[in-house]
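S.K.: can't give you the sequence, but here's the structure:
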């Protein structure tokens, strides 16, 4: 089928259904970010909070990867911690990484840490503006952090090296951890639904960024079970909207990811694509090592190694195995996109 036969949205939706396409769709996690000089110019004029909450600024950032890289999929510019502010926490975004000024760690803190229902939040405004500015012809992703990932950030205040605070809470006060997870799960469901119902997102992605710190049994109890609940309830409200679930340490957790019920499993670079395909029938997303993006001349070689033994013709969204880093080169990201585009000629 000729490359011109499919729109970017058609290619994306066919891929999610596991059907054959002319080539895989491609986007890059954190594709609008500090590795882009154009993004840094936006940051000189606007705070990070503005980039997350101002629809015009947020959509400007989210459009950069289309303009500079020609990606197939856009993702709204936002931060996974924004919903925690609505739940009653104080979230700051200093240069060294996000910080929760008032982490909830006791039963008494439940009085101020409450589930929230969203109606037309700023992210929905930003999604609508992004669709308008992109011409309405590209798939656009909304997203949220998983309940466990958000709990980890909330309780830690600022992530420690070994995440000792959240792990200690789970061991010493498991009932409190579950009570918080219940509230976060309710909030995440509402936040995702608003991005579709109010914002018009084509699909959503749930980021499980901290599950890799857990043992297999804790992963099921404190992470997978709540992500599964989120996806089930989201699907009841938005039955036609696909869900991508991304998790780190995918080699150890791909079966847990599948149990969430997500339509697509986003995997990191800890597992070969071919091996992942042997362990699940779900469409996959990933998984080039983000470090490759610092070396443009290595992109083509590493891309070919990534797809070796893997049938890329169906059920695969090309991406990195985690977010692109500030040290990445724009030329490397551009070459990755071009590698995927050239698959249409094979």
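M.R.: Cool, got the structure. As the structure is a computational prediction, the values presented were derived from the model and not from experiment.
S.K.: And the helices in the stretch 151-300 of the chain?
M.R.: 164-172, 174-197, 216-218, 225-237, 250-259, 273-279, 299-307 (DSSP state H, counting those that start in this stretch).
S.K.: May I see the ones you listed organised as JSON lines, with mean neighbour count, mean pLDDT and distance to residue 55 added?
M.R.: For every residue, glycine as well, the C-beta is placed using N, CA and C. Shown next, in JSON lines, are the helices of the stretch 151-300 of the chain (neighbours: other C-beta atoms under 10 Å; pLDDT from 0 to 100; distance: least, C-beta to C-beta, whole Å):
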{"stretch": "helix 164-172", "mean neighbour count": "16", "mean pLDDT": "95", "distance to residue 55": "33"}
{"stretch": "helix 174-197", "mean neighbour count": "21", "mean pLDDT": "98", "distance to residue 55": "13"}
{"stretch": "helix 216-218", "mean neighbour count": "13", "mean pLDDT": "94", "distance to residue 55": "38"}
{"stretch": "helix 225-237", "mean neighbour count": "19", "mean pLDDT": "98", "distance to residue 55": "23"}
{"stretch": "helix 250-259", "mean neighbour count": "19", "mean pLDDT": "92", "distance to residue 55": "32"}
{"stretch": "helix 273-279", "mean neighbour count": "17", "mean pLDDT": "97", "distance to residue 55": "36"}
{"stretch": "helix 299-307", "mean neighbour count": "17", "mean pLDDT": "98", "distance to residue 55": "34"}
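S.K.: Among those, which comes closest to residue 131?
M.R.: Closest approach to residue 131 among those (C-beta to C-beta): helix 174-197, 11.7 Å.
S.K.: what's the spacing between that closest one and its chain's center?
M.R.: Its chain's C-alpha centre and that of helix 174-197 lie 16 Å apart, by C-alpha atoms, centre = their mean, to the nearest Å.
S.K.: Stretch 50-59 now?
M.R.: Taking C-alpha atoms, centre = their mean, the mean C-alpha location of stretch 50-59 is offset from the chain mean by 18 Å.
S.K.: Do me a favour and get the end-to-end distance for it?
M.R.: End-to-end distance of stretch 50-59 (C-alpha to C-alpha, to the nearest Å): 11 Å.
S.K.: buried sites along it?
M.R.: Of the residues in stretch 50-59, 51, 52, 53, 54, 55, 57, 58, 59 count as buried by neighbour count, 16 or more other C-beta atoms under 10 Å.
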